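Student: Give me the fold of what follows.
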Amino acid sequence: MSEILVVDDEPGIRELMREILEEEGYEVRMAENGGAARAALDAKIPDLVLLDIWMPDVDGVTLLKEWKTQGRLTMPVVMMSGHGTVHTAVEATRLGAFDYLEKPVSYKHLLETVKKAMDSRRARPTTSGNLDLLGEGEATRRLTQRLNLAISAGLPLLLQTHPGAGEEIIVHYLTPPDAALIRVDSPGILADRPADLLGQAKGGVVFIPDLSALSTMQQKGLALLIARRSEFSTRVVVACPQPLQQLLSQSRLTQELHDQLIHAVVELPTLHSRREDIPGLAKRILENAFARLLIPPRQYSDAALAVLTDYEWPGNLAELEALAGRLALEPGEGPVEAETVASMLDIQTATADPGGVDLMLHLPLKDARDAFEKAYLEALLNQCGWAMSKTADRAGLDRTNLYRKVKQLGIATPGREKDTAAE
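Tutor: Numbers count the residues shown, from 1 in each chain. Purely as a prediction, here's the structure:
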């Protein structure tokens with residue numbers, strides 16, 4: 001049975017609405033003011049809230065704004081007022097209210113509005129599928145909860161990423177079914193025509209894959225896009241390999257954009273931090289790799305799964321997918337053994353052999369580039385004794401750019417003392 005919370009400071013109105021709604025088969029709870037409404041929401045999330053605007057302790061618009069900011073606006077809210085204005089109705093709708101009723105509310109209008117609100121809750125999924133492609137462990141469940149809170153609060157989302165961690169999976173999950181997903185790979189449009197992106201993605205998602213690559217003018221365009229997103233019912237999702245505070249301290253991020261994004265930062269967990277997911281993911285990804293080639297599948301041996309679970313996965317999920325693609329192309333029958341897996345992981349990571357390019361053919365371009373640059377620079381730094389100047393010369397980079405690359409790709413250095421001594 002669907003439950004409705006009626007929030008109104010007038011006892012007669014509360015009782016009348018309770019009688020009408022219970023006759024229609026709804027379960028009704030009542031709250032006489034804003035404080036009681038907060039307590040009622042803490043106790044249980046209703047399916048619908050009928051919320052009076054003018055109350056003695058806190059007005060309904062303030063309460064609506066509070067629930068939205070806290071990520072608690074997960075149910076439709078219909079505002080009510082006997083002293084309403086067009087401005088109030090528009091403001092309430094902008095904040096996320098489903099509809100607005102002017103008192104005295106007619107019996108028919110009340111029931112029609114309640115039915116529409118209930119139907120919208122049942123018929124409008126806000127995400128596509130689930131995040132099982134990232135795993136099914138506790139880390140993925142917590143990630144899903146954080147994403148859903150950001151969605152319900154209507155916030156722009158900043159994904160703190162690592163190379164190959166799966167931000168594309170997140171972005172597809174955040175895109176409502178049958179809605180547009182606009183990926184901005186050419187950020188020049190942010191400086192020239194940011195509003196065009198909102199029109200193209202109306203009701204869907206605009207995805208900026210690398211905040212750290214945006215110029216100041218492009219960041220201003222993104223700030224405008226974020227400010228106007230609600231006009232187009234559009235979600236704005238931004239990925240970044242570095243913390244916002246780090247970009248701000250390096251004068252590579254405007255204060256305005258920092259303040260817009262800081263409220264909904266979600267870090268994607270690395271694969272090695274959730275080892276419990278690795279065996280299941282490895283099996284499924286290998287099966288999919290064989291299925292794409294229309295050849296009989298092979299399975300990992302238990303020893304091979306143990307090697308996979310113990311491995312550090314600097315390339316995260318993309319590296320695991322690349323390994324599966326390489327294995328699917330290898331001749332042979334029977335289980336994939338630990339020796340084969342260990343050999344291929346050595347090729348990918350320690351030696352950075354050009355043969356590893358075969359693995360990159362199964363990756364999106366950005367993930368392949370990040371994985372290659374990380375493996376290349378780690379091998380070159382190690383060969384140069386972690387001397388930055390020498391490594392920069394060998395790589396054909398200036399020292400400042402090398403430092404930026406090392407930080408961006410998350411390469412752990414032995415320490416500045418060793419670096420300085422080596423130079």
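
Student: Mind checking the pLDDT average for stretch 299-312?
Tutor: Average pLDDT, stretch 299-312: 92.

Student: Tell me which residues are up against it.
Tutor: Residues from elsewhere that reach stretch 299-312, judged by Cβ atoms under 8 Å, 6 or more residues apart in numbering: 272, 275, 278-279, 282-283, 286, 320, 335-338, 340-342, 345. The C-beta positions use only the backbone N, C-alpha and C, and glycine is treated the same way.

Student: Now stretch 257-273: average pLDDT?
Tutor: 92.

Student: buried set for it?
Tutor: 257-258, 260-261, 264-266, 268-271 (16 or more other Cβ atoms under 10 Å).

Student: so how far does that stretch reach from one end to the other?
Tutor: End-to-end distance for stretch 257-273, by Cα to Cα, to the nearest Å: 30 Å.

Student: ok, so of the contacts of stretch 299-312, who is nearest residue 12?
Tutor: Using Cβ to Cβ, residue 275 comes nearest to residue 12 of those, at 60.7 Å.

Student: Is the residue lying closest to that closest one once chain neighbours are set aside in a helix, a strand, or coil?
Tutor: Among residues not flanking residue 275 along the chain, residue 309 sits closest, at 5.4 Å (Cβ to Cβ, 6 or more residues apart in numbering). With DSSP: H, G, I helix; E, B strand; the rest coil as the basis, residue 309 sits in helix.

Student: Can you report how many residues neighbour residue 309?
Tutor: Look at residue 309: counted by other Cβ atoms under 10 Å, it has 15 neighbours.

Student: From what I see, residue 73 and residue 155 are in contact.
Tutor: No: look at residue 73 against residue 155 with Cβ atoms under 8 Å: they stay out of range, at 11.1 Å.

Student: Tell me if I am right that residue 159 is in a strand.
Tutor: Yes: under three-state DSSP, residue 159 sits within a strand.

Student: what's around it, how many residues?
Tutor: Count around residue 159 with other Cβ under 10 Å applied: 25.

Student: Tell me who's in contact with it.
Tutor: Neighbours of residue 159 in contact, by Cβ under 8 Å, 6+ apart: 167, 170, 237-240, 266-268.

Student: so can I have TSV of those showing secondary structure?
Tutor: Shown next, in TSV, are the contacts of residue 159 (three-state DSSP):
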residue	secondary structure
167	helix
170	helix
237	strand
238	strand
239	strand
240	strand
266	strand
267	strand
268	coil
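
Student: quick one: which two of the contacts of stretch 299-312 are the most distant?
Tutor: Among the contacts of stretch 299-312, the pair separated by the greatest distance (Cβ to Cβ) is 272 and 335, at 23.7 Å.

Student: and residue 343, how many neighbours does it have?
Tutor: Neighbour tally, residue 343, other Cβ under 10 Å: 11.

Student: Let me know the helix or strand that it is in.
Tutor: Secondary structure assignment for residue 343, by DSSP states H and E: helix 338-348.

Student: helices or strands up against that helix?
Tutor: Helix 338-348 makes packing contacts with helix 302-310, helix 316-329 when contacts are defined by 3 or more Cβ pairs under 8 Å, 6 or more residues apart in numbering; DSSP states H and E.

Student: Helices of the stretch 101-250 of the chain, start to end?
Tutor: Assigned by DSSP state H, counting those that start in this stretch, the stretch 101-250 of the chain shows helices spanning 107-123, 138-153, 167-174, 188-192, 194-200, 216-227, 244-249.

Student: Low-confidence ranges, the stretch 251-400 of the chain, go.
Tutor: The stretch 251-400 of the chain contains residues with pLDDT under 70 at 347-364.

Student: Burial check on residue 95, number of neighbours?
Tutor: Number of residues near residue 95 (other Cβ under 10 Å) recorded here: 20.

Student: how much space is there between it and residue 153?
Tutor: Distance of residue 95 to residue 153, computed by Cβ to Cβ, to the nearest Å: 11 Å.

Student: can you check residue 267 too?
Tutor: Distance from residue 267 to residue 153, by Cβ to Cβ: 18 Å.

Student: which residues do residue 95 and residue 153 both contact?
Tutor: residue 68.

Student: Which neighbours do residue 73 and residue 155 have in common?
Tutor: Contacts common to residue 73 and residue 155, judged by Cβ under 8 Å, 6+ apart, are absent.

Student: quick one: low-confidence ranges for the stretch 51-200 of the chain?
Tutor: Of all residues in the stretch 51-200 of the chain, those with pLDDT under 70 make up the ranges 71, 84-86, 121-125.

Student: how about 80 then?
Tutor: By pLDDT under 80, the weakly predicted segments of the stretch 51-200 of the chain are 69-74, 82-91, 93-94, 120-129, 152-153, 178.

Student: which ones are touching the spatially closest residue to residue 213 that is not a sequence neighbour?
Tutor: Counting by Cβ to Cβ, 6+ apart, the nearest residue to residue 213 once its immediate chain neighbours are dropped is residue 187, at 6.8 Å. By Cβ under 8 Å, 6+ apart, residue 187 lies in contact with 208, 213-215, 218.

Student: can we see that at 7 Å?
Tutor: Shown in contact with residue 187 (Cβ atoms under 7 Å, 6 or more residues apart in numbering): 213-214, 218.

Student: what separates it from residue 99, distance-wise?
Tutor: Residue 187 is 38 Å from residue 99, by Cβ to Cβ.

Student: Same check on residue 113?
Tutor: Applying Cβ to Cβ to residue 113 and residue 99 gives a distance of 5 Å.

Student: Good, we can wrap up now.
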